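Enquirer: Just need the structure, nothing else, for what follows:
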Amino acid sequence: MARVLVVEDDVQLRENICEQLELNNHQVRSASNGVQAFELLPGFSPNLILCDIMMPQMDGITFIRAVKRHICYRSIPIIFLTAKVAQQDMIQGLEEGAVDYLFKPFLHKELLLKINNLTNLRTEFLLQQSAQSAVGNETEIQFVKSFTEQLERHLDDASLTAECMAQTMNMSLSALQRNLKKYLDRSFSEILRDYRLRRATAFLVRTDLSLQQIASRCGFSSLSYFSFCFKEVNGQSPLRYRQKHQLRANPD
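Expert: Residues are numbered from 1 along each chain as shown. Just a heads-up that it's a prediction; the model follows:
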């Protein structure tokens, strides 16, 4: 069973797809455009997204760009649903990160097979990764676990540096940087910012803390810097993000 987000502006087609997926034991949410779909992501965390290209408010190409820009969602595979068959349109979608296409009209069996094949492939890949880690990467597991624990422990420390982190973990700065590059393939500052933004997003969604309190608790030196970083990643301000989520969770 997979969690599938269906993004399609044609009501009849959207409902038909959702019905077929639910009959095959998939958990489904739906939206009529990219704006609504993006608002559903925090509370649903889909394994796969089926997305039309031509939609009002936010089309499929704009939507996939927003998804791939977000650290929390960029790994979600997206299959485009489209009546457009021009090769240049296919190339554009693949360049933006789509993993496959379904051309309208399509058979339900084709849809289900593509979903099952893709989700099974991802499951096998994750299991293989887990098995390999358990067998041969104990050092990596321990390093990442320890590093993440220290990130959480120093979440509210706006002055945290790579040098301080290395000292906390009882290793040299060069060793820390080498391990971060080897195991996470990112710099300390990139990892720290993304971790703090993920925690801040959780606070926005799950608590009533003020923006200033969230910024302080997540180690941002000022509210303005927090807002700048959040908007750069999410495409909207923290306040706007929270308002949209609250409207979705508490409809009139």
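Enquirer: can we go C-alpha only for contacts and neighbour counts from here?
Expert: Will do.
Enquirer: CA-only coordinates of stretch 89-100, as PDB, when you get a sec.
Expert: Output of stretch 89-100 as PDB, limited to C-alpha atoms (Å, rounded to 0.1, in the frame of the first residue of the first chain):
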ATOM      1  CA  ASP A  89       6.900  18.800 -23.400                       C
ATOM      2  CA  MET A  90       8.100  15.300 -22.200                       C
ATOM      3  CA  ILE A  91      11.700  16.500 -22.100                       C
ATOM      4  CA  GLN A  92      10.800  19.600 -20.000                       C
ATOM      5  CA  GLY A  93       8.900  17.400 -17.500                       C
ATOM      6  CA  LEU A  94      11.800  15.000 -17.200                       C
ATOM      7  CA  GLU A  95      14.300  17.800 -16.800                       C
ATOM      8  CA  GLU A  96      12.300  19.200 -13.900                       C
ATOM      9  CA  GLY A  97      12.400  15.800 -12.100                       C
ATOM     10  CA  ALA A  98       9.300  13.800 -13.200                       C
ATOM     11  CA  VAL A  99      10.000  10.100 -13.200                       C
ATOM     12  CA  ASP A 100       7.300   9.000 -15.700                       C
END
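Enquirer: quick one: it to chain centroid distance?
Expert: With C-alpha atoms, centre = their mean, to the nearest Å as the basis, the distance from the averaged C-alpha position of stretch 89-100 to the chain average is 18 Å.
Enquirer: what helix or strand does residue 109 sit in?
Expert: helix 108-136 (DSSP states H and E).
Enquirer: just checking, next helix/strand downstream of that helix?
Expert: Next element after helix 108-136 (DSSP H and E): helix 138-153.
Enquirer: what pLDDT, on average, does that following helix get?
Expert: Mean pLDDT, helix 138-153: 87.
Enquirer: tell me what that helix is packed against?
Expert: helix 173-183 (3 or more C-alpha pairs under 8 Å, 6 or more residues apart in numbering; DSSP states H and E).
Enquirer: Show me how far the helix it packs on is from its chain's centre.
Expert: The answer for helix 173-183 is 25 Å, by C-alpha atoms, centre = their mean.
Enquirer: Contacts for the next helix-or-strand element following it, please.
Expert: Following helix 173-183 in sequence order, the next helix or strand is helix 188-206 (DSSP H and E). Residues outside helix 188-206 that contact it (C-alpha atoms under 8 Å, 6 or more residues apart in numbering): 71-72, 151, 155, 162, 177, 180, 209, 211, 214-215, 218-219, 229-230, 238, 242, 245-246.
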